[in-house]
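Q: Quick one: sequence plus predicted model below, questions after.
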Amino acid sequence: MRGFSSSSHGAAIPTPEDAAMIPCDPALPAAAHLLGPGARPLLEAALAATGGRLVELRRAQVLYHPGRDLTVRYAASVAWPGDERPRREALMVGTSRHGPPPGTLPLEAGDLSVGVWRYPFDPALPGLAHAATAEGASRLAGRWLGGAARVRVRTYRPGRRAVVRATGADGGEVYLKVVPPAELGGLAARHRLLGGLVPVPEVLAVDEAHGVAVLRALHGEDLRERLRHGGRPLPGAAALVGLLDRLARAPLGAAPPARGPLASVARHAELLARVLPGEAGEVRRIADALLADTADEPVLPAVVHGDFHEAQLRSDGLEVVGLLDLEGVGPGDHLDDLATLLGHLATLAVGAGAARSGIEHYLEDLRRRFVTEAGPAELDRRVAAAILGLATGPFRVQEVAWPEATRDRLDLATRWLGRGRAGESALMAAS
């Protein structure tokens with residue numbers, strides 16, 4: 001595998017075009033170039049230093065925290081010496097207010113400074129280069145697969161985490177979770193602690209040096225897939241609330257608090273206003289409405305999931321048989337998990353085509369039970385906050401028509417805000 005060198009290189013970066021769709025971020029002057037045509041000459045310089053020639057390039061993922069850091073993943077086609085045809089590559093470029101991410105190939109152009117790396121050689125995830133190849137996965141997990149592994153990367157967030165599915169010739173299956181090595185101990189401890197209370201993947205082995213956990217595959221089917229296909233039994237509100245009640249009793253200790261939808265409103269609103277300035281007024285109106293009311297009484301924290309939605313759940317029908325992604329588990333408000341699930345379902349339904357009515361029916365069934373936890377206004381306010389967070393998704397994954405998709409989600413958040421207020425008014429009128 002070809003890697004990048006660590007010596008600094010220079011690149012001429014042109015002025016970005018389509019400035020109205022590119023965020024202006026004084027703390028990250030490289031942002032306008034990484035999200036515009038300036039990315040191409042920059043990556044051409046990085047590849048030329050290692051003998052590669054860039055053929056095609058498009059943005060595939062953007063991880064952006066205004067004023068703090070930006071990482072862009074590009075899907076590229078690269079011609080390498082000795083190859084008959086160009087290869088598909090994933091190339092990452094990152095910048096932060098402190099400079100390039102550590103361990104990356106630094107590139108400089110004037111006062112701009114960025115770092116470049118190539119998948120799977122992520123300096124923050126040293127285990128990815130092991131887990132994402134058949135040879136490496138076989139070394140890590142071959143004993144549970146009956147020999148050589150076939151691998152498929154399920155998720156990859158540059159610098160943060162990755163999940164690789166490994167299967168063996170005999171049908172055996174495990175998942176390799178890759179995180180920064182410093183986070184592995186806490187992740188493995190959460191899995192082991194929660195295993196006796198809720199159905200989470202068993203930790204079979206860990207590679208502490210590289211930040212890889214080998215997790216046993218859970219049976220059942222992804223709840224999101226069940227919803228998309230339609231016509232299949234689904235776990236009801238009682239099963240979901242029961243799962244969260246068991247999770248709430250976990251003796252987690254001094255874990256960092258889970259971040260609920262309302263706590264993330266300001267951060268999500270800032271991102272949306274930066275990348276879609278034409279909607280900045282509407283974004284701020286929604287954010288102000290979401291943050292206008294606070295609970296009268298403090299909520300006693302329970303242990304919550306922190307990112308509870310249909311893709312984190314596995315079901316065999318009416319029961320939940322698996323709960324995934326435990327990185328965000330910590331003390332928090334039980335209502336946030338319920339609202340996050342409803343926000344995801346409301347957003348999923350919008351683009352679900354023929355499955356939309358079934359998803360919306362399921363959503364309404366759950367809401368009728370969940371609303372007893374806090375009343376319609378408070379539940380729906382948090383659902384709207386979750387949807388506001390999901391409105392950042394089309395930009396993050398660089399959908400072709402992401403501005404329109406983002407506006408649709410902003411409209412959805414507004415409808416849920418109004419719905420909660422209408423429901424509360426109806427209850428007051430009836431009392």
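A: Received, thanks.
Q: what's the following helix or strand after the helix or strand that residue 377 is a member of?
A: For residue 377, the host element (DSSP states H and E) is helix 376-390. Sequence order places helix 393-396 as the next helix or strand after helix 376-390, per DSSP H and E.
Q: Buried residues of that following helix, list them for me.
A: By neighbour count on 16 or more other CB atoms under 10 Å, the buried set for helix 393-396 is 394-396. The way it works is simple: take the backbone N, C-alpha and C, and place the C-beta from them, glycine included.
Q: likewise stretch 41-51?
A: Using 16+ other CB under 10 Å as the test for burial, stretch 41-51 gives 41-47, 49.
Q: and of the buried residues of helix 393-396, the nearest to residue 145?
A: Nearest to residue 145 among those: residue 396, at 32.7 Å, using CB to CB.
Q: For the residue nearest to the spatial centre of the chain, which non-adjacent residue is closest in space?
A: For the chain, residue 157 is the residue whose C-alpha lies nearest the centre (CA atoms, centre = their mean; 7.3 Å). Nearest non-adjacent residue to residue 157, counting by CB to CB, 6 or more residues apart in numbering: residue 63, 6.7 Å away.
Q: gap between that neighbour and residue 94?
A: Noted for residue 63: a distance of 8 Å to residue 94, by CB to CB, to the nearest Å.
Q: cool, and residue 249?
A: Separation of residue 249 from residue 94 (CB to CB): 40 Å.
Q: Next up, the contacts around residue 257.
A: Going by CB atoms under 8 Å, 6 or more residues apart in numbering, residue 257 touches 301, 330-332.
Q: out of these, which one sits closest to residue 204?
A: Distance to residue 204 across those (CB to CB) is lowest for residue 330, with 24.3 Å.
Q: What lies in contact with the one helix or strand residue 370 maps to?
A: Assigned by DSSP H and E, residue 370 falls within helix 356-370. Applying CB under 8 Å, 6+ apart, the external contacts of helix 356-370 come out as 227, 230-231, 234, 236-238, 240-241, 338-339, 341-342, 345-346, 348-350, 352, 379.
Q: if we can go back for a sec, so for residue 63 and residue 94, which residues contact both of them?
A: In contact with both residue 63 and residue 94: 69-72, 158-159, using CB under 8 Å, 6+ apart.
Q: Among those residues, find me the one that's closest to residue 275.
A: For the shared contacts of residue 63 and residue 94, the nearest to residue 275 is residue 70 (11.0 Å; CB to CB).
Q: Could I get the pLDDT score of the closest one?
A: pLDDT recorded at residue 70 is 97.
Q: Name the SS class of it, please.
A: strand (DSSP: H, G, I helix; E, B strand; the rest coil).
Q: again with residue 226
A: Going by three-state DSSP: residue 226 is helix.
Q: I'd like to know which of the contacts of residue 257 are part of strands.
A: Among those, the ones falling in strands (DSSP state E) are 330-332.
Q: residues of the helix holding residue 377 that come out buried?
A: Buried residues in helix 376-390, counted by 16+ other CB under 10 Å: 376-390.
Q: swap in stretch 410-420?
A: 410, 412-414, 416-417, 419-420.
Q: Now the two most distant members of these.
A: Greatest spatial distance in those: 410 and 420, 16.3 Å, computed using CB to CB.
Q: what mean pLDDT would you report for the helix or strand hosting residue 411?
A: Here residue 411 sits within helix 402-430, counting by DSSP H and E. Helix 402-430 shows an average pLDDT of 81 in the prediction.
Q: Check stretch 37-50 too.
A: 92.
Q: cool, and stretch 214-227?
A: 96.
Q: I'd like the secondary structure assignment at residue 341, please.
A: Following three-state DSSP, residue 341 is assigned to helix.
Q: Surely it and residue 309 touch.
A: Yes: assessed by CB atoms under 8 Å, residue 341 is found in contact with residue 309 at 5.3 Å.
Q: from the buried residues of stretch 41-51, which single one is nearest residue 325?
A: Top of the list for closeness to residue 325, among those and by CB to CB, is residue 43 at 31.2 Å.
Q: right, and the closest one touches residue 93 too?
A: Yes: between residue 43 and residue 93 there is a contact at 7.0 Å, judged by CB under 8 Å.
Q: Return the distance of residue 121 relative to residue 214.
A: As judged by CB to CB, residue 121 and residue 214 stand 21 Å apart.
Q: actually residue 41, not the one I wrote
A: The value you get for residue 41 to residue 214, if CB to CB is used, is 41 Å.
Q: thinking again about what came up before, can you pick the most crowded of the ones in strands among the contacts of residue 257?
A: residue 332 (23 neighbours; other CB atoms under 10 Å).
Q: Just grab the bridge partners of that one for me.
A: residue 302 (DSSP bridges).
Q: and it, what pLDDT?
A: Note for residue 332: predicted pLDDT of 93.
Q: what sits against it?
A: Contact analysis of residue 332 by CB under 8 Å, 6+ apart lists 257-260, 301-304, 306.
Q: how near is it to residue 114?
A: Residue 332 sits 36 Å away from residue 114, going by CB to CB.
Q: just for this structure, where's the confidence low?
A: Along the chain, the parts satisfying pLDDT under 70 run over 1-21, 294-300, 420-431.
Q: if you set the cut-off to 50 instead, what comes out?
A: 1-2, 5-20, 297, 427-428, 430-431 (pLDDT under 50).
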